[in-house]
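Asks: just coords:
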């Protein structure tokens, strides 16, 4: 459970930080389509975090989860992010053309790559924590002896 919480928090934090650094580095908005508000980006990121959390929960439920699952987690988070942005833009009334332009800008501008990398790192960390069964260190003389 703790590995799951840590991995989801890391994914959200890395994605937001990475998108901010990308925006600062390129000196552009992440979604720079005229008359498209902030809601598509918020909904897309929210859906990406939810899907990442649900799929990671299932992966971490296995006795010995595979690191290969982190690739599928990363791709699913990025695809759901794109779909969420596109669907929200269309539902807002921006039209399919503007929504597709926003999704295309996310892919070509590097935002989708940032989300893939953030999800890949976070999933790998979560799986590593689960596989190692990490716990607090103990001194040799500390034993679980009952009374």
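Replies: Perfect, thanks for sending it. Computed from a predicted model, the values in this text were never measured in an experiment.

Asks: right, and the helix or strand after the worst-scoring helix or strand of the chain on mean pLDDT?
Replies: Least confident helix or strand, the chain: helix 96-109 with a mean of 92, by mean pLDDT, DSSP states H and E. Once the chain leaves helix 96-109, the next helix or strand it forms, by DSSP states H and E, is helix 111-132.

Asks: residues touching the least confident helix or strand of the chain, excluding its own?
Replies: Residues outside helix 96-109 that contact it (CB atoms under 8 Å, 6 or more residues apart in numbering) are 22, 26, 28, 30-36, 40, 81-82, 85-87, 89-90, 94, 111-112. (C-beta placed from N, C-alpha, C; glycine too.)

Asks: try 10 Å
Replies: With CB atoms under 10 Å, 6 or more residues apart in numbering as the test, helix 96-109 has contacts from 19, 22-23, 26, 28-36, 40-41, 44, 78, 81-92, 94-95, 111-115.

Asks: any buried residues in stretch 35-50, and which?
Replies: 36, 40-41, 43-45, 47-49 (16 or more other CB atoms under 10 Å).

Asks: sorry, slip of the keys, the one I care about is stretch 88-99.
Replies: 88-90, 92, 94, 98-99.

Asks: same check, this time on stretch 119-137
Replies: Result for stretch 119-137 [16+ other CB under 10 Å]: buried residues 119-127, 129-131.

Asks: for the record, mean pLDDT for that stretch?
Replies: Stretch 119-137 shows a mean pLDDT of 86.

Asks: how far is it from where the chain is centred?
Replies: Distance of stretch 119-137 from the chain centroid (CA atoms, centre = their mean, to the nearest Å) equals 16 Å.

Asks: low-confidence stretches in the protein?
Replies: 133-136, 144-147 (pLDDT under 70).

Asks: could you pull out the helices for it?
Replies: Using DSSP state H, the helices found in the chain span residues 2-26, 39-60, 69-91, 96-109, 111-132.
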